[in-house]
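>>> Pasted the sequence and its predicted model underneath.
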Amino acid sequence: MAWRLPYGISFWDESFYVALPYRYVLGDQIFKDDLMLAQTFSLISLPFVRGYHALFGVTGLMLFMRVLSLLFSISVAGVLYFLLRKRLGKNYALLFALVPIAFVPFSIANLSYNTWAIGFWTAGVFLGWSALQSKSKASWLALLAGLAQGISVIAHPSFVPGVGTYALFFLLLTWRRNKSLFLAYVLGGALTAAWLFTQVSLSDLERAKEFSFSENNNRLAWPKLFSLVRDFYYWGPSKPWVFFLSLLTFATARYRPSAAAILLCFTPLLCWVAPVQTSLGALQISLYFALLGPFFFVFTAQTAVARHLFFLVWIPSLAAGIATGMSSTNHTTMAGLGMLPAALVSLFLLYLIQSRLIKEAGRPSLGWIRATAPVLLVLLFLSHFLLMVYGDGSVPTLTAKMKTGVYSGLYTTPARARFLGELSADLSTLENAGSHILFYDAFPAGYLMTSMRPATPTVWNCIQFSQTERNQCLRYYQGKLAGSNVVVKMKHEPTEDRELDSFVQRYHQEVRNREDYSIYSLKKEINQIDEDRRG
């Protein structure tokens, strides 16, 4: 995992994940200067970006954030190992805990809303489950569960249905036996909510919601649930499932329990998705393996631990998966994000089935075979991260190492390295820390290459919003006009914001004309622009 971290540079998604908190390091304010709704995760990333910037500037910032992402995944694994080592044994618990390390959504190992949310969500659901099993530290575990799940919602608001479902089941399981556990859980969530509302105002949040949903108000609509089911039926591993059901029937046969236990080792292979086909492969594998959980549960429901896992972890994870699938333009496969804990439950239940079969067979020497399934699942996830580079070429083509700037230490293609070097050199000659810069369209990476503050209401992409809101992007830029402004028009985009482009062409002069971009500065006095507006 560490070997893979330096490879690839994504100008869009990954750069956006870092450009957003970097914007606030430069002095902008959340939901006041940037109206992109999906930005609360930047509150969690901000202390790390701010601390690094204070010590080293932006040089090497992207690699630093990738290393932090890996360390965060390792810390989640540490939590799982600590919680499960007595229940599963140290060796199997270690293998089990490796799964969230190898699971890298979109093969982007950075601190995004996806990685923050799934890490805290996974830790949070198992902390709450462990609170039910614990005697001495139950209240503390419940408090930490509420905190972790609350942070997952801050990182990715689509996790609200999952947390709500979890809270309901946690209430049902604790209210009669130990009310203090539920109250500790609620306190943890309340603390995260209180912290969030010290950082943002409801009025600013409302403006961001209007901006983000002006074009596609139906992104969260219930009809999308139909497409979620339809897409899974189309993409799902339907034929292997028929084989799996036959295999599971065989696994319950009394006369060959040891053979059944061995065959069950290979169930993760039923969820195989070739890593060269899609950046969504890890999410698909998570979804498919999670949906094996109900079948495993049928054969383990007689145990209390299986029932607690299924109702307290698997079902809330299904709710989170449906929500992340419905709220994403990636549809069904994005359900694999919220359902990673459900996939871990499937793995846990598989362990219980195999343990029972080995016991029935009287073959304790076969205990090692239980390690096969988690190892295979880790390898499936890992293959996607190692072979799929999001937003750049394949690993063998990434031979040019960046030596300066925000991408210092990363490897990319020679052509992309030359482009970055040229753009960085041009921007340095026009650098003015007291002014603003605008890239249009869809180039979040540019805002990481200068200390000038963004002159846009989103460092993502104004083009994706409605015509009305694209005019809002123009109005925002007009409000930041200054004589030292810099505007960079990217030539790689097939579409463009005509109103903004017309304004730039009329009132700015071209100072650089390159193959991939043009750079402009203001050519008319601001009072002349005001007169033209009045005219």
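Sure, I can see it.
>>> and K489, what are its phi and psi?
phi -100, psi 120 (degrees, to the nearest 10).
>>> Quick check: it touching Y440?
Yes - when contacts are counted by C-beta atoms under 8 Å, K489 is listed as touching Y440 (6.1 Å). From N, CA and C alone the C-beta is placed, and that goes for glycine too.
>>> Over to P275. Which of the three states is it?
For P275, the reduced secondary structure class is coil; criterion used: DSSP: H, G, I helix; E, B strand; the rest coil.
>>> gap between L35 and W3?
In this structure, L35 lies at 39 Å from W3, with C-beta to C-beta, to the nearest Å as the measure.
>>> Looking at the two, which is more packed in?
Applying other C-beta atoms under 10 Å to L35 and W3 shows that L35 carries more neighbours, namely 23 against 8.
>>> The more buried one: what's it in contact with?
R207, A208, F211, S212, P457, T458, Q472 (C-beta atoms under 8 Å, 6 or more residues apart in numbering).
>>> Distance-wise, check the closest residue to the third one other than its chain neighbours relative to V186.
Yep, that's F211 we're talking about. Nearest residue to F211 in three dimensions, chain neighbours excluded: L35, at 3.9 Å (C-beta to C-beta, 6 or more residues apart in numbering). Using C-beta to C-beta, one gets 32 Å for the distance from L35 to V186.
>>> likewise A301?
Distance, A301 to V186, by C-beta to C-beta: 29 Å.
>>> More neighbours: the two, which one.
Relative neighbour count places V186 above the other of A301 and V186, with 17 against 13, counting by other C-beta under 10 Å.
>>> Would you confirm that that one contacts G146?
Yes - V186 lies in contact with G146 (C-beta under 8 Å); the separation is 6.2 Å.
>>> any weak-confidence spans in the protein?
Along the chain, segments meeting pLDDT under 70 span 213-255, 276-277, 463-470, 493-496.
>>> ok, now with 50
Low-confidence regions of the chain, defined by pLDDT under 50, span residues 215-221.
>>> Of all residues in this protein, which one is nearest the centre?
Geometric centre of the chain, nearest residue: N114, 1.3 Å, by C-alpha atoms, centre = their mean.
>>> Give the helix, strand or coil label for that residue.
Taking three-state DSSP as the rule, one finds N114 in the helix state.
>>> What about the nearest residue to it once chain neighbours are set aside, how many residues nearby?
Here the nearest residue to N114 in space, its sequence neighbours aside, is P105; by C-beta to C-beta, 6+ apart that works out to 4.4 Å. When counting by other C-beta under 10 Å, one arrives at 26 neighbours for P105.
>>> P105 contacts W116, doesn't it?
No - with contact defined as C-beta under 8 Å, P105 does not reach W116; the gap is 11.0 Å.
>>> Could you check how far the closest residue in space to S279 that isn't next to it in sequence is from M326?
Distances taken as C-beta to C-beta, 6+ apart put F106 closest to S279, at 4.8 Å, once the chain neighbours are dropped. As judged by C-beta to C-beta, F106 and M326 stand 18 Å apart.
>>> Have a look at the two and say which one is more surrounded.
When neighbours are counted by other C-beta under 10 Å, F106 and M326 differ, and F106 comes out ahead with 26 against 22.
>>> Give the buried residues for the helix or strand hosting L84.
Under the criterion of DSSP states H and E, L84 resides in helix 61-88. Taking 16 or more other C-beta atoms under 10 Å as the basis for neighbour counts, the residues of helix 61-88 that come out buried are 61-70, 72-73, 76-77, 79-81, 83-85, 88.
>>> about what we covered before: neighbour-wise, which of the contacts of L35 leads?
For these, neighbours were counted using other C-beta under 10 Å, and T458 has the most, 26 neighbours in all.
>>> For Q354, see how far away T192 is.
Following C-beta to C-beta, the distance that separates T192 from Q354 is 38 Å.
>>> and if you look at T174?
Relative to Q354, T174 is positioned 30 Å away (criterion: C-beta to C-beta).
>>> For the two, work out which one has more neighbours and name it.
Relative neighbour count places Q354 above the other of T174 and Q354, with 24 against 21, counting by other C-beta under 10 Å.
>>> Quick one: residues contacting the more buried one.
Neighbour list for Q354: A261, L264, C265, I369, R370, A373 [criterion: C-beta under 8 Å, 6+ apart].
>>> one more time with 10 Å, if that's ok
For Q354, the contacting residues are 251, 257, 260-262, 264-265, 366-367, 369-373, taking C-beta atoms under 10 Å, 6 or more residues apart in numbering as the criterion.
>>> same question, I108
Contact criterion C-beta under 10 Å, 6+ apart gives 8, 10, 13-14, 17, 66, 69, 114-115, 279, 385, 388-391 as the residues in contact with I108.
>>> Name all residues that make contact with the residue nearest to N330 when sequence neighbours are not counted.
Distances taken as C-beta to C-beta, 6+ apart put L280 closest to N330, at 6.3 Å, once the chain neighbours are dropped. Neighbouring residues of L280 by C-beta under 10 Å, 6+ apart: 105-107, 235, 273, 287, 330-334, 336, 384, 388.
>>> Between K489 and Y440, which contacts overlap?
By C-beta under 10 Å, 6+ apart, K489 and Y440 have these common neighbours: E496, D497, L500, D501, V504.
>>> Tell me both backbone torsions, phi and psi, for the fourth one.
Dihedral angles phi and psi of D501 (degrees, to the nearest 10) take the values phi -60, psi -40.
>>> which element is N432 on?
Using DSSP H and E, N432 falls outside every helix and strand.
>>> out of everything not next to it in sequence, what's closest to it?
S484 (4.3 Å).
>>> Go ahead and confirm the one you found touches R453.
No - with contact taken as C-beta atoms under 10 Å, S484 and R453 are classed as non-touching, separated by 11.7 Å.
>>> Looking at these two, which one has more neighbours?
R453 (18 against 15).
>>> so the more buried one touches Y477, yeah?
No - shown here, R453 and Y477 do not form a contact pair, counting by C-beta under 10 Å, at 11.9 Å.
>>> Overlap in contacts, those two.
Looking at what touches both R453 and Y477 (by C-beta under 10 Å, 6+ apart), the common residues are H436.
>>> For T456, give me its contacts.
23, 33-36, 436-441, 447, 462, 473-474, 476-477, 480, 500.
>>> Produce a ChimeraX select command limited to the buried residues of those.
Applying 16+ other C-beta under 10 Å to those, the buried members can be selected in ChimeraX as follows:
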select :23,33,34,35,36,436,437,438,439,440,441,447,462,473,474,476,477,480,500
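>>> Which of the contacts of T456 fall in helices?
R23, C473, L474, Y476, Y477, L500 (DSSP state H).
>>> If we only consider those residues, which is nearest to L181?
Of all the ones in helices among the contacts of T456, L181 sits closest to R23, with 40.3 Å by C-beta to C-beta.
>>> From T278, how far out is the closest one?
Using C-beta to C-beta, R23 is found at 31 Å from T278.
>>> Could you do D516 as well?
If you measure D516 against T278 using C-beta to C-beta, the figure is 27 Å.
>>> ditto for M339
17 Å.
>>> Equivalent analysis for S521, please.
Counting by C-beta to C-beta, the gap between S521 and T278 amounts to 42 Å.
>>> for Q478, same thing?
41 Å.
>>> What is the end-to-end distance of stretch 270-285?
In stretch 270-285, first residue to last residue: 9 Å (C-alpha to C-alpha, to the nearest Å).
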